[in-house]
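Trainee: compute the structure for the input listed below.
(one chain, ligands or ions: 1)
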Amino acid sequence: MGKKNMRKKNKSILAKKQAKSIAAESIRNLFSEARKSFEISPQLSDRNVNSARRIAMKAGIRIPSVYRRQFCRYCYAYLLPGKNCRVRTNKKTISYFCTRCRRYNRISYKGGREKIRERQTKSKII
Ligand SMILES: [Zn+2]
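Mentor: I've put the predicted structure just below:
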């Protein structure tokens, strides 16, 4: 009965913060890469989106809202308005229609809804 738990998980808060800001930086880079490579190869852009998602997940951060509307939340395709997605605005929502999986990604804005507020406070961490 004298088992000692010697697992060491002493990642300091500073190191965690650093990892998060590095992750945020990589996400930014990946999305700008995705934008650049779209003309050459949309598949490459999709791969960048996937890497960005994986980095965010690993670091425990959310993808900034600016970038979240740049990919399809169903098939994770990089979306470029006028190329592979159609943008429609409504009273309170912006709809991004993904031409690959034929689904709508709706983003609400100016709604003052609690969900938006919640999202904003969460994304402030980044
Ligand atoms: Zn899609």
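Trainee: residue numbers of this protein in contact with the ion?
Mentor: Remark: the part of the chain in contact with the ion comprises 72, 74, 75, 77, 98, 100, 101, using Cβ under 5 Å from the ion. Backbone N, C-alpha and C define where each C-beta goes, glycine included.
Trainee: pull out the buried members of those.
Mentor: 72, 77, 98, 100 (16 or more other Cβ atoms under 10 Å).
Trainee: in strands, which of those residues fall?
Mentor: Cross-referencing these against strands under DSSP state E gives residue 98.
Trainee: just the closest of the buried ones among the residues of the chain next to the ion to residue 35, please.
Mentor: Of all these, the one with the least separation from residue 35 (Cβ to Cβ) is residue 77, at 13.4 Å.
Trainee: re earlier: pLDDT added to the residues of the chain next to the ion, as JSON lines?
Mentor: Rendered in JSON lines, the data for the residues of the chain next to the ion read as follows (pLDDT from 0 to 100):
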{"residue": "72", "pLDDT": "96"}
{"residue": "74", "pLDDT": "96"}
{"residue": "75", "pLDDT": "96"}
{"residue": "77", "pLDDT": "97"}
{"residue": "98", "pLDDT": "96"}
{"residue": "100", "pLDDT": "95"}
{"residue": "101", "pLDDT": "96"}
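Trainee: out of the buried ones among the residues of the chain next to the ion, which is nearest to residue 51?
Mentor: residue 77 (14.0 Å).
Trainee: not counting its neighbours along the chain, what's nearest that closest one?
Mentor: Counting by Cβ to Cβ, 6 or more residues apart in numbering, residue 100 is the residue found nearest to residue 77 once chain neighbours are left out, at 4.9 Å.
Trainee: measure the one you found to residue 39 for me?
Mentor: For residue 100, the distance to residue 39 equals 17 Å [Cβ to Cβ, to the nearest Å].
Trainee: one more: residue 80?
Mentor: Summarising the geometry, the distance separating residue 80 from residue 39, computed by Cβ to Cβ, is 9 Å.
Trainee: comparing those two, which residue is more hemmed in?
Mentor: It is residue 80, of residue 80 and residue 39, that has more neighbours when counted by other Cβ atoms under 10 Å, with 16 against 10.
Trainee: that's all I had, so thanks and see you.
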